[in-house]
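Peer 1: give me coordinates for this.
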Amino acid sequence: MSCRLIMVLTAFMLFFAVGSACAGNENHPRIYSGSTSNADFLKSVNNVEWKKQLIQKKKENVEKYLEKCKDEPEWLVSRLQMNWTTKHTEVFLHGGKFSHSSGKAPVPTVRFSGTRDWATDYRTPSIEEVEPYFDDERGMHLENKKTGEKEWVHPSKVGFAIERINQSIMSVAEDAAFLYWLTGEEKYAAFAEPLFLTYIEGMYYRNAPIDLDNSHQQRVSGLSTFEVIHDKIVDYLAITYDFLHPYLLKNNRDFDHISAVFQKWGDQMIKNGIPDNNWNLFQANHLTHIALALDDDENYANGKGQQYYLKYTFDQSTERQWSIKEAVLAYDQNTGIWPESSSYSLHVTSSLLHILTLLDNVSNANELANYPVIEKAALAAFQYLFPSGYTVAFGDARHGIIPPENFELLISYYRKYNMKEKELVITGLLEQLIDMGEYTREGKDLFDLFFYTNQLLETDAAKTKELSKQLITPAFYAPNVSLFIQRMGEADQAMMVSTVGTFGNHSHVNGISMELYANNYVLGPDMSKGPSYWHTDHREYYSQFPAHNTVVVDGVSSYGRMRGYHPFTLDNNYPAAGEAKVTFDKVSFVNVSFVEPKTLSDQQRLTAMIKSPQGNGYIVDVFRSRKKSQSNQKHEYFYHNLGQSLELFDGNGKRFKLHATDELGTAHGDMKAYDYLTDKKAALTSENVNALFTLKREGQSDNLMKVWIKGAEGQTVFTAQAPKSNALSKGTAPVEMLGQKIPTLILRRDAEAWRNPFAVVFNPYMDGEVNSVLAVDYPELEDSPDAQKIALTHNDGKTRDVIVANASQNDIALEKDFYQKGLLSVIRQLDEEKMPIFLFLSGMYKFDYKDWGILAYARAVNISIERTEQGYVIQNDQPVAVKIPFYEGHKPVQLKFYKNEELVEQRQIFVNRNNGAQVDFRLDKAYEKVLVVLKK
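Peer 2: Numbers count the residues shown, from 1 in each chain. Now for the predicted structure:
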């Protein structure tokens, strides 16, 4: 045995007399095993193949290192990242990076991390590649990812390499300690002990880092890393200690230093961090491990034992560590949404379930029952999903699945407390992920081994499918993250638009942005975050306006990123958010407004999805933007779409000629994000044009997005290549697009874009299949210049949709036989028929179309009138007066009122006393379905 290892173990022996007195006689292990014996555990998993395989995998890995240590006992210990020679006690930071260390301890001390930024040009070596007892004044000796050559570099340039090596080694120690408990073979304990004790002793003599700048960094640093939330190694240490405890006790090891290190770590977690976001729960997870590893408070002179740290985890808040009791109040209690972007929100729920599972395993006190919002949040996650089953990306989030562990832990909890009906529900939802091929029950770590149920119950697939539909509503609004989602259609015809502002944590500087789903992919994606939050790509591009589907003012629109306080205002929408069932399903829309703070510009976005007669659909986007001042102004509409090519065509289908340009960049006064655009081309035109994005996939038809663009005087149309989207995954984009540049369409106005807004129609379809849209025009309303009219002809050449969008529900649009005081109208009609197929009106006070009339009683009304074989079906959300004309002998004679598809009332209809060819009637309140019966 080398002198280094002897020194470490001797230091523990020196304090044995005191340590044994503090150890207490409380039961260990307990964190994972609870009251389960190793024999009972083996019996329970004996017939569970995935658990047996995980145990075998861990055993083989530990045995591999045991073999290396046969002839060289310190082989693995020597790979720990320690101050082996220098034995420094003090760590100094500067600018979020390791600066230097100093001081002298009696034993080697634990090295601190290199930098807060994980993005690095250097590869973290495997355990086998680590040089033994490495401690060199020249820095780290690592392989450059770009050159493949090893270089000497300062630790501040190596990202998370130092702590990742230590975590990898300590995870092996954790597995060895578990195998000691499972098998009783002391070779595993003898192998794990020096790894554990060397690290513990090295941290005992190492002090918390000092930030030389005394900046924000000082109050977020952990003991081993720049952020307390990344101090995951303390979890490995706690589990290793828990399983190894009988062996340490048997061999008279010192417990004073062990408990002191856990207490120092717990105090650092309480003192440092960020209390009002996901950090708080990650810290709470570490604190729970620390608390459960320690014994009762009375066993320690300072009183800092299990009860002390559990108190600060669950019940008592501090400046930097809010209690879970207080933290869960951040959930929107109505929607179950956490106030951070989607990925972070989902993992907060995972963390809470993880924490409560650990606590309940020791207390057996039905801990989850105290926090019902956590169960609600687990189901609310379904509202984030695209039709493909992947989550939306806004802010720093990426497209992914709902974490399977959320379901696994709820299933275990329901099984433990005999809640079979709830267990069946959650099991069915988990099986959907399994059926998608996105999840296999094979287990990743010891936690899964102990807390995932051995076998899932058999479920009813049909019931689960129906439940899933109820969990995902056609429209959903989460105000605490400024997110509105609208969905339409199913399977290949499914469409979805996610509209997002900037609110909550991990948000971006994106104004009113959107993601667009159609043709089974997120064709109009968000970009997500860059390589890291500190990387220039993230600061300059990914978190900024031009990386999103939005409108930029004067090339400089901006405000604070990460902590967003600029939500949109939800002005109008249909259907109502959260309604599981919608009577009229041909139109969905949202209208939101926002003031861009950098340029003090008013912005408003109305985005509607409209179903075609064939069942697929198109998306209308009307974006208004204007500076409040009368100064010169510039507005640019950005849209990114998946594809390998982007082409422009004129109204006759002729390819539009573009020229290369050096515009869109800092040389022209634009923000730095514009410099990330490449292959820029432009054309100045006042005409309507079409853009065609083509997405090619091997062995499949081309996936096409045709964009019908309204012309405007002095409008410049650009095409460009934008950096790759980091949001995309194999479930939201074809493999051909992963990691590839994104074709981008940009429309520029050197004038306000409010009275004459940006107006486009997104028309997704598959090559070789019927395109439901034949033509789109943007007729002017001469007497109503603020109104935006869109006339769309479907592929039969006869069915036409006319959309009129005002800037507000108080504005007026009018022309011959048409009057609209209200926000939005959509009329579908066949050329040869006088009767419209449907009328959809929203935010409407008064509407006249030929001999049709709608008049709200008090509040502006949302109303749809759809022609069916039985007559007209009406749905309204406010009291309203309705006038319907006679058509070719079709005379309205009766009203039938339905609730939950059951007839509840009937009324007679009378002819309008002022117009003998028209009936009128009043609907005194909101109705989900009214049938106007026609006499033929």
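
Peer 1: check the burial of the residue nearest to K146 when sequence neighbours are not counted by counting its neighbours.
Peer 2: Computed as Cβ to Cβ, 6 or more residues apart in numbering, the closest residue to K146 that is not its neighbour in sequence is D121, at 6.2 Å. Yep, even glycine has a C-beta here, placed from its N, CA and C like the rest. Using other Cβ atoms under 10 Å, the number of residues around D121 comes to 15.

Peer 1: contacts only, for D121.
Peer 2: Neighbouring residues of D121 by Cβ atoms under 8 Å, 6 or more residues apart in numbering: N144, K145, K146, K157.

Peer 1: adding distance to A478, write the residues you listed out as CSV.
Peer 2: CSV is the format used below for the contacts of D121 (distance: Cβ to Cβ, whole Å):
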residue, distance to A478
N144, 43
K145, 39
K146, 41
K157, 40
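
Peer 1: narrow these to those in helices?
Peer 2: Residues from the contacts of D121 lying in helices, with DSSP state H as the criterion: none.

Peer 1: can I get the buried part of the residues you listed as one ChimeraX selection?
Peer 2: Buried subset of the contacts of D121, written as a ChimeraX selection, criterion 16 or more other Cβ atoms under 10 Å:
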select :157
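
Peer 1: what's the most distant pair in the contacts of D121?
Peer 2: K146 and K157 (13.0 Å; Cβ to Cβ).

Peer 1: surely Q333 meets I374?
Peer 2: No. If you go by Cβ atoms under 8 Å, Q333 and I374 don't touch, sitting 11.7 Å apart.

Peer 1: who's more crowded, those two?
Peer 2: Relative neighbour count places I374 above the other of Q333 and I374, with 22 against 12, counting by other Cβ under 10 Å.

Peer 1: ignoring the adjacent residues along the chain, who's closest to the more buried one?
Peer 2: Per Cβ to Cβ, 6+ apart, closest to I374 is L352, 5.2 Å.

Peer 1: pull out the buried positions in the helix or strand hosting V592.
Peer 2: In the assignment (DSSP states H and E), V592 maps to strand 587-596. Within strand 587-596, the residues that count as buried by 16+ other Cβ under 10 Å are V587, S588, F589, V590, N591, V592, S593, F594, E596.

Peer 1: that strand: what's the following helix or strand?
Peer 2: Next along from strand 587-596, by DSSP H and E: strand 601-611.

Peer 1: now do that next one against strand 587-596, angle only.
Peer 2: 170 degrees (axes from the mean of the first three to the mean of the last three Cα atoms, to 10 degrees).

Peer 1: tell me the helix or strand right after strand 601-611.
Peer 2: strand 617-627.

Peer 1: can you tell me which helices and strands that following strand packs against?
Peer 2: strand 495-500, strand 513-518, strand 551-553, strand 601-611, strand 635-640, strand 753-766, strand 788-794, strand 799-805 (3 or more Cβ pairs under 8 Å, 6 or more residues apart in numbering; DSSP states H and E).

Peer 1: average pLDDT across that strand?
Peer 2: Taken as a whole, strand 617-627 has an average pLDDT of 97.

Peer 1: quick one: strands adjacent to that strand?
Peer 2: Applying DSSP bridges, strand 617-627 is found paired with strand 601-611 (antiparallel), strand 753-766 (antiparallel).

Peer 1: what sits against the closest residue to Y521 other than its chain neighbours?
Peer 2: Leaving aside its chain neighbours, Y521 sits nearest to A733 (5.6 Å; criterion: Cβ to Cβ, 6+ apart). By Cβ under 8 Å, 6+ apart, the contact list for A733 reads Y521, V522, P525, L642, S725.
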